[in-house]
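Using only what follows, build the 3D model:
(2 chains)
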Amino acid sequence: MAGSDSTTDASSAPDTVKILVAGGFGVGKTTMVGSVSEIAPLRTEEPLTMAGLDVDDLDGIEEKRATTVALDFGRITISRELVLYLFGTPGQQRFWFMWNDLALGALGAVVLVDVRRPESSFAAIDFFERRDIPFVVGVNGFYGEHPYPPEDIRDALAVPEHVQVLLCDARDRESCRDVLIALIDQLIASAVQA
Amino acid sequence: MGGGDSAGRLVRPFTLTGGRTRPSRADFTLIATVTAVDPQPVAAVRCQPEHTRILRLCAEPVAVAELAARLDLPVSVVVILLCDLLEAGRITVRPPRLVSRTTPDLDLLQKVRDGLGRL
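This next block holds a predicted model:
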């Protein structure tokens, strides 16, 4: 970084990047963040207003009012110069995507899927596809069980061939790490192709 | 966290900002890092208690989202307070690493991959 003005220096501060962990309610997003984070997941909340949304987007909302959206996040220090943040997007809150800053500048995303309720992760898949944000699908096996092979789940979710679908266990550090590595490998592969 | 006091929470934080709901600048995104200037400038105006808390928490570089979580305040409120501190010359801010979809940074990706491999 070349000489910027004094307010944006902070040369001792590390570079930061982020990956989002998305998916339906109760699919294990915070569990996954906690499994790989070096700190206990932190939570931050943000008031959002519904102003500016298309009317269609308000379907199912009883009244037009401010709402609060919560994010759980964790940290992985890659090196003294580089820190990775993981943000678990809230699953029960349909309007997390209004937190524009969240997806902006993300390396990519992990969409967690519960095989018992795959449809609860459709919205997240749709979100990342529409915004051209690269993602992998992590199929969280509850109690470590995986009743379906990844290809069946790929078909059910209708995700394209270049998106990896991996079986994982959100409670297991190595398993979550491998999902994140798969995402980075996918990013590297598409960068080399380009 | 929170939960029980949610009814009153949305109102109070913005009293810390003097009613301001919009930041004066766009530097403070979720993973921008903030560091207190050391030594602190000799100032004509004394800091508010919340400003002082922030300065204590960012003696070492810390991300905006982490600050908000530790202060138990919405990010948007913390950002406004950070704008005050930046304008007073009390903190510096480092923007996140730029991620480009058109020209991906292979070196960065490899570093992240190596770091994850060490977990």
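
hey, where'd the helices end up in chain B?
Assigned by DSSP state H, chain B shows helices spanning B:6-9, B:49-57, B:64-71, B:75-87, B:106-117.

Now mean pLDDT and distance to chain A too, for those, in TSV please.
To be clear about C-beta, it is placed using only N, CA and C from the backbone, and glycine gets the same treatment. TSV is the format used below for the helices of chain B (pLDDT from 0 to 100; distance: least, C-beta to the nearest C-beta, whole Å):
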stretch	mean pLDDT	distance to chain A
helix B:6-9	48	7
helix B:49-57	95	12
helix B:64-71	96	4
helix B:75-87	94	5
helix B:106-117	97	3
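
Dump those into TSV; add mean neighbour count as well.
Shown next, in TSV, are these (neighbours: other C-beta atoms under 10 Å in any protein chain shown):
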stretch	mean neighbour count
helix B:6-9	10
helix B:49-57	16
helix B:64-71	22
helix B:75-87	22
helix B:106-117	17
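
out of these, nearest to B:Asp27?
B:Asp27 sits nearest to helix B:75-87 of all the helices of chain B, at 7.0 Å, using C-beta to C-beta.

Pull the residues that contact that closest one.
Residues from elsewhere that reach helix B:75-87 (C-beta atoms under 8 Å, 6 or more residues apart in numbering or on different chains): A:7, A:44, A:46-47, B:13-14, B:16-17, B:20-25, B:27-28, B:30, B:34, B:47, B:50-51, B:54-55, B:64-65, B:67-68, B:71, B:91-93.

If any of these are buried, give me the ChimeraX selection for them.
Selecting only the buried entries of the contacts of helix B:75-87 in ChimeraX, with 16 or more other C-beta atoms under 10 Å in any protein chain shown as the criterion:
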select /A:44,46,47 /B:13,14,16,17,23,27,28,30,34,47,50,51,54,55,64,65,67,68,71,91,92,93
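
Count the neighbours of residue 99 for me.
Unless you meant another one, I'm taking chain A. 20 (other C-beta atoms under 10 Å in any protein chain shown).

Let me rephrase: I mean chain B.
When neighbours are counted by other C-beta under 10 Å, B:Val99 registers 18.

Same check on B:Arg90?
The local packing of B:Arg90 (other C-beta under 10 Å) involves 21 other residues.

ok, it - contacts?
Here B:Arg90 is in contact with B:Ala36, B:Val37, B:Gln40, B:Pro41, B:Ala43, B:Cys47, B:His51, B:Leu55 (C-beta under 8 Å, 6+ apart).

same thing but 10 Å
Contact analysis of B:Arg90 by C-beta atoms under 10 Å, 6 or more residues apart in numbering or on different chains lists B:36-38, B:40-41, B:43, B:47, B:51-52, B:54-55, B:58, B:82, B:84.

how about the strands in chain A?
Secondary structure of chain A by DSSP state E: the strands cover A:15-23, A:42-48, A:67-79, A:82-88, A:108-114, A:135-140, A:165-168.

now those as a markdown table including mean pLDDT and distance to chain B?
Putting these into a markdown table (pLDDT from 0 to 100; distance: least, C-beta to the nearest C-beta, whole Å) gives the following:
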| stretch | mean pLDDT | distance to chain B |
| --- | --- | --- |
| strand A:15-23 | 95 | 4 |
| strand A:42-48 | 85 | 4 |
| strand A:67-79 | 90 | 3 |
| strand A:82-88 | 96 | 5 |
| strand A:108-114 | 96 | 9 |
| strand A:135-140 | 96 | 13 |
| strand A:165-168 | 96 | 14 |
